[in-house]
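**Student:** coords below, sequence missing:
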């Protein structure tokens with residue numbers, strides 16, 4: 001359902017928006033503040049002020065968390081839009097293939113999509129199930145609209161391949 005998709009979008013591994021958890025999504029859904037992912041970035045904070053549990057500080061914190069989440073890595077973005085069978089690992093593989101959101105956006109157009117999908121089968125970790133799922137997701141104009149609106153609100157960073165070798169790999173400095 002649309003409500004469950006929203007919960008996926010704000011989850012820790014997707015946009016990871018502090019203070020916008022499942023309960024808040026339910027609350028905002030019920031009073032129609034958020035209905036689609038892009039609504040998150042267009043919240044009318046005046047409508048929240050009078051809600052129970054929402055003081056100036058919690059609203060200010062939510063605003064900050066949402067603003068912070070507007071900058072997102074390509075792989076997290078791909079994961080967040082909720083394509084069936086595309087988990088975090090698949091999202092990373094796809095991000096390293098597309099490198100940028102503009103290349104990823106080529107999936108919106110059917111002729112481009114068919115060409116791209118032919119190449120995806122060569123990627124280690126992407127199989128026919130994932131490819132069919134991507135095709136089906138982007139065959140829906142509704143999904144394309146949702147993704148486009150999100151892109152308009154975000155700064156999606158190009159995918160950088162992690163350097164796996166070296167003294168400091170997998171270390172936090």
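**Tutor:** Perfect, I can see it now. These numbers were taken from a predicted model, which means no experiment stands behind them. Residues are numbered from 1 along each chain as shown.

**Student:** for residue 91, see how far away the residue nearest the centre of the chain is.
**Tutor:** With distances taken as C-alpha atoms, centre = their mean, the residue of the chain nearest its centroid is residue 80 (2.8 Å). Residue 80 is 8 Å from residue 91, where distance means C-beta to C-beta, to the nearest Å. (C-beta placed from N, C-alpha, C; glycine too.)

**Student:** ok, now which ones touch the residue nearest to residue 8 when sequence neighbours are not counted?
**Tutor:** Leaving aside its sequence neighbours, residue 8 sits nearest to residue 82 (C-beta to C-beta, 6 or more residues apart in numbering; 4.9 Å). Contacts here follow C-beta atoms under 8 Å, 6 or more residues apart in numbering; on that basis residue 82 touches 5, 8, 9.

**Student:** where does the chain have low pLDDT?
**Tutor:** Along the chain, segments meeting pLDDT under 70 span 162-173.

**Student:** where do the helices of it begin and end?
**Tutor:** 2-9, 22-30, 56-68, 74-80, 88-98, 101-104, 110-120, 128-138, 141-153 (DSSP state H).

**Student:** what sits up against the fifth one?
**Tutor:** For helix 88-98, the surrounding residues in contact (C-beta under 8 Å, 6+ apart) are 13, 73-76, 78-79, 86, 104, 119-120, 123-126, 130, 159, 161.

**Student:** what is the burial count for residue 116?
**Tutor:** 20 (other C-beta atoms under 10 Å).

**Student:** hmm, it is touching residue 107, no?
**Tutor:** Yes - in this structure residue 116 lies within contact range of residue 107 using C-beta atoms under 8 Å: 6.2 Å.

**Student:** ok, back up a step: is the residue nearest to the centre of the chain in contact with residue 14, as I believe?
**Tutor:** Yes - when contacts are counted by C-beta under 8 Å, residue 80 is listed as touching residue 14 (3.4 Å).

**Student:** what is in contact with the two at once?
**Tutor:** residue 8.

**Student:** out of the helices of the chain, flag the one nearest residue 36.
**Tutor:** Evaluated over the helices of the chain, closeness to residue 36 peaks at helix 141-153, with 5.7 Å, by C-beta to C-beta.

**Student:** and the residue nearest to residue 143 when sequence neighbours are not counted, how many neighbours does it have?
**Tutor:** Leaving aside its sequence neighbours, residue 143 sits nearest to residue 137 (C-beta to C-beta, 6+ apart; 5.4 Å). By the criterion of other C-beta under 10 Å, residue 137 has 18 neighbours.

**Student:** no more questions from me, cheers.
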